[in-house]
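Q: Okay, here's the prediction I keep looking at, along with the sequence it came from:
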Amino acid sequence: MPRPTPLSEPFGTTPDGWRVERWRLSSAAGVSAEILTYGGVLHALHVPDPTGRPANVVLSLPDLAAYASDTPYFGALVGRYANRISEARFTLNGRHYRLPDNDGGHNLHGGPEGFDSRVWRAEPLPGALRLTLHSPDGDMGFPGAMDVTVTYALDDEGTLSLDFEARSDRPTVVNLTNHAYFNLGGSQTGDGAEAASRIAGGDVLRHTLYVDADRFLPATPESIPWGPEQAVEGTPFDLTEPRPIGDGVRDADPQIKTAGGYDHCFVLRGPSGGTGEPRVAAVLADPGSGRVMEVRTTQPAIQVYTANKLDGSLTGPDGRSYHAHDAVCLETQHLPDSPNHPEYPSTELRPDEVFRSRTEFRFPHLAGGR
């Protein structure tokens, strides 16, 4: 049976007059996704529990104005360079580039006007939504005119996949990811697919997390990598067996205490990058709801962030405040500050190349996802 073509509805207008749409994907497994053309935001991801009761498992904001304010990238597509570039500068092929320092003297997620704040062009496909964006030469200080395509797709088993592509007319650097905040406890979806509504799951400290990584990057208090990769063995970063997130967040390790929880890059086992078959990067499980999410990717790393900086100032569609550790981000990506670390996998993109990566969110507790 052909997969349904996504449907759209208005979601507001930006102050400079761009109309924003909300698109809805659905699947035979009962999983549905809502995607905004503003920032390519994953606005909602409704996933049934083992009894078939659906809930939204990502943190959402109530309207366009909330997303367009100074928010922590809820559900957004981030670029040109996800994560941080130290001192907001890098050298490529002997040329020096200066970027906006929007994070304590460093560049974060491409800058203050990164891809998360742009209106993307949407093209509906059977079971998928293709988003495209043109980034001109010099955009946020990055060289090269870049064209980016991100395709959200939802299959009959309920797997949500994101396929990223980028091309540039000059040598540049690129690192793309999605910045969804997951809480598998979820929210009640109410009477219709409109809802991104009430988060009922509380924090994620009882969620268990597995990460397929033997090494991680220690970070400075400003979240900049320092020193060589370190082994996770014997540290709270050893997630090679599932463990409650709260065990790690409460650990006395200086790296954890400084960050207020996890906000670290894990170097995944196996091939680094490329366009091969996605391999398991992480498995998140909520013992309360019975929901399980498996993250697969072709990327070489994953940033685990336990929403340490949520302080109650942001609220969901029902008015509930979001606090630290109410969610966890599992951002598949290249290593942070790679342009300044030649020993890391390269993030350079040349004019004769195409950047490609794929990330999948699978739900093995669903009958169709086994």
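A: Everything's here; your move. Note that the coordinates shown come from a computational prediction; the quantities given were computed from them, not determined experimentally. Residues are numbered from 1 along each chain as shown.
Q: What are the buried residues along stretch 88-99?
A: Residues 88-90, 92, 97, 99 are the ones in stretch 88-99 that count as buried (16 or more other CB atoms under 10 Å). For glycine as for every other residue, the C-beta is placed from the backbone atoms N, C-alpha and C.
Q: Give me the mean pLDDT for it.
A: Mean pLDDT, stretch 88-99: 98.
Q: just the strands in the stretch 51-200 of the chain please.
A: 54-58, 77-78, 84-85, 89-92, 95-98, 107-108, 121-125, 128-135, 146-154, 160-168, 172-173, 177-178, 182-188 (DSSP state E, counting those that start in this stretch).
Q: Pick the most buried one from the ones you listed.
A: Most buried of the strands of the stretch 51-200 of the chain by mean neighbour count (mean count of other CB atoms under 10 Å) is strand 177-178; its value is a mean of 28.
Q: rank the strands of the stretch 51-200 of the chain by pLDDT, which is bottom?
A: Per-stretch mean pLDDT for the strands of the stretch 51-200 of the chain is lowest at strand 182-188 (a mean of 87).
Q: Pull the distance from that strand to the chain's centre.
A: Centroid displacement of strand 182-188 relative to its chain, using CA atoms, centre = their mean, to the nearest Å, is 16 Å.
Q: Now do that strand and strand 54-58, the angle between them.
A: Computed by axes from the mean of the first three to the mean of the last three CA atoms, to 10 degrees, the angle separating strand 182-188 from strand 54-58 equals 140 degrees.
Q: Using TSV, please lay out the buried residues of stretch 88-99 together with distance to Glu233.
A: Output for these, formatted as TSV (distance: CB to CB, whole Å):
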residue	distance to Glu233
Ala88	34
Arg89	35
Phe90	32
Leu92	35
Tyr97	38
Leu99	36
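Q: Show me the shaky parts of the stretch 101-250 of the chain.
A: Along the stretch 101-250 of the chain, segments meeting pLDDT under 70 span 188-201.
Q: just the helices in it please.
A: Ranges of helices in the stretch 101-250 of the chain, per DSSP state H, counting those that start in this stretch, are 245-249.
Q: same thing with the stretch 251-370 of the chain?
A: Remark: helices assigned in the stretch 251-370 of the chain by DSSP H, counting those that start in this stretch are 254-259.
Q: rewinding a little: identify whichever of the strands of the stretch 51-200 of the chain lies nearest to Leu7.
A: The closest of the strands of the stretch 51-200 of the chain to Leu7 is strand 121-125. By CB to CB, the value is 8.0 Å.
Q: Give the pairing partners of that closest one; include direction for each.
A: strand 128-135 (antiparallel) (DSSP bridges).
Q: Can you give the contact residues for the strand it pairs with?
A: Here strand 128-135 makes contact (CB atoms under 8 Å, 6 or more residues apart in numbering) with 3, 6, 23, 25, 35, 37, 40, 77, 79-80, 115, 118, 120-124, 142, 145-154.
Q: and what of stretch 314-324?
A: Contacts for stretch 314-324 (CB under 8 Å, 6+ apart): 59-62, 66, 71-72, 74, 187, 195-199, 203, 260-261, 306-313.
Q: residues contacting Thr37?
A: Residues near Thr37 by CB under 8 Å, 6+ apart: 11, 20-21, 23, 119-122, 131.
Q: Same question for Met146.
A: The neighbours of Met146, taking CB under 8 Å, 6+ apart as the test, are 80, 134-135, 139, 166-168, 172, 174, 349.
Q: of all the strands of the stretch 51-200 of the chain, which lies closest to Arg269?
A: strand 177-178 (18.9 Å).
Q: Give me the helices and strands touching the closest one, please.
A: Counting contacts by 3 or more CB pairs under 8 Å, 6 or more residues apart in numbering; DSSP states H and E, strand 177-178 packs against strand 77-78, strand 329-333.
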